[in-house]
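In: Got a sequence here, can you model it:
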Amino acid sequence: MPKLPTYHFSGRDGLELAYHEIGEGRPLVLLHGFAANASQWVDHGSAALIAEQGHRVILPDLRGHGDSARPHDPASYPPDVLADDGLALIDRLGLDDYDLGGYSLGGRTVLRMLVRGARPAQAIVAGQGLAAISRTTGRDGLYRRVLTALADRDPVEPGSAEEESARWITLAGGDPQALLHVLDTLVATPHAALRRIATPTLVAVGEQDHDHASADALAAALPNARFARVPGHHFTALTSPELTGAILAFLGDRPHEPGGTTGLRGRRSAP
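Out: So this is what the prediction gives:
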């Protein structure tokens, strides 16, 4: 698929951030995982398949990732800033009737946005578990070691998990220093906050994603959640047709409004 056009908006602190779009119809904002970018949803066809079913798929690049700004100043990465940026995008596009989803770090950010007041009709939290989101930082021990080594140009042990992660981050064009700062933005979401999220939510995880084995517990902690397992581990479940199918089935269960409208503010606005 050709590279999607890039549009820009400002975070609440004025930092220039990027997003991409594909399709027409009901807005669905999809957030990518750590050290990836919006192409995570595009390269394996998921975004196109969802768009074909009548969705305007909006794909931001998180702060420190992709085509968004990647400052090295720690002051640009305050706690919970990724949720701030997501809420700024919703405001920028004037969305009041939309759906919201994310994978891994994107799923964690979706939960933070819900806690902070985002009100999508439906939400998708994939590749994420209760144990990770209940801590200030999720699976960042390995990431922090790898990113520190990359930033300092230090070698990593051949054949190790660190070497594999370093290779993946480098191939994805990640900025090690910016990504280290992104790790410092993560905040915990306590159980009590989860219990207040009334949004219908799909919680999905790969059946071999052992780092997020508590995804079923996350679904149980949410008052209105559906749980799904799909083939794959953390890095392959996203590309499985079963995950895209689960997302489309979940979104398709939403009752349509009379006349089929999605609300004026849900329509495309000029980038």
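
In: Leaving out sequence neighbours, find the closest residue to the most centrally placed residue in the chain.
Out: When C-alpha atoms, centre = their mean is applied to the chain, the residue found nearest the centroid is Gly106 (1.8 Å). Ranked by C-beta to C-beta, 6 or more residues apart in numbering and with sequence neighbours excluded, the top spatial neighbour of Gly106 is Leu31, at 3.1 Å. Just so you know, the C-beta spots here come from the backbone N, C-alpha and C atoms, and that holds for glycine as well.

In: bridging residues for the one you found?
Out: Gly102 (DSSP bridges).

In: The closest residue to Gly64 other than its chain neighbours: what's it in contact with?
Out: Among residues not flanking Gly64 along the chain, Ala178 sits closest, at 3.9 Å (C-beta to C-beta, 6+ apart). Ala178 sits next to 64-65, 70-72 when contact means C-beta atoms under 8 Å, 6 or more residues apart in numbering.

In: Could you measure from Ala178 over to Ala48?
Out: Counting by C-beta to C-beta, to the nearest Å, the gap from Ala178 to Ala48 is 29 Å.

In: Can you find the helix or strand of this structure with the lowest average pLDDT?
Out: helix 140-152 (a mean of 88; mean pLDDT, DSSP states H and E).

In: Could you export that one as CSV, CA atoms only?
Out: Provided in CSV are the C-alpha atoms of helix 140-152 (Å, rounded to 0.1, in the frame of the first residue of the first chain):
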residue,chain,number,x,y,z
ASP,A,140,10.2,-1.6,30.1
GLY,A,141,13.2,-3.3,31.8
LEU,A,142,14.4,-4.8,28.5
TYR,A,143,13.4,-1.8,26.5
ARG,A,144,15.3,0.6,28.8
ARG,A,145,18.5,-1.5,28.7
VAL,A,146,18.3,-1.7,24.9
LEU,A,147,17.5,1.9,24.3
THR,A,148,20.2,3.0,26.7
ALA,A,149,22.7,0.8,24.8
LEU,A,150,21.6,2.2,21.5
ALA,A,151,21.7,5.8,22.7
ASP,A,152,25.2,5.3,24.1
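
In: Flag every buried residue along it.
Out: Buried residues in helix 140-152, counted by 16 or more other C-beta atoms under 10 Å: 140, 143, 145-147, 149-150.

In: Also stretch 215-223?
Out: By neighbour count with 16+ other C-beta under 10 Å, stretch 215-223 contains the buried residues 215-216, 218-219, 221-222.

In: Pull the number of nearby residues for Gly14.
Out: 8 (other C-beta atoms under 10 Å).

In: quick check, it in a helix?
Out: No - Gly14 is assigned coil when assessed by DSSP: H, G, I helix; E, B strand; the rest coil, not a helix.

In: Which phi and psi values does it adopt?
Out: Phi and psi for Gly14, reported as degrees, to the nearest 10, are phi 90, psi 0.

In: Cheers, nothing more for now.
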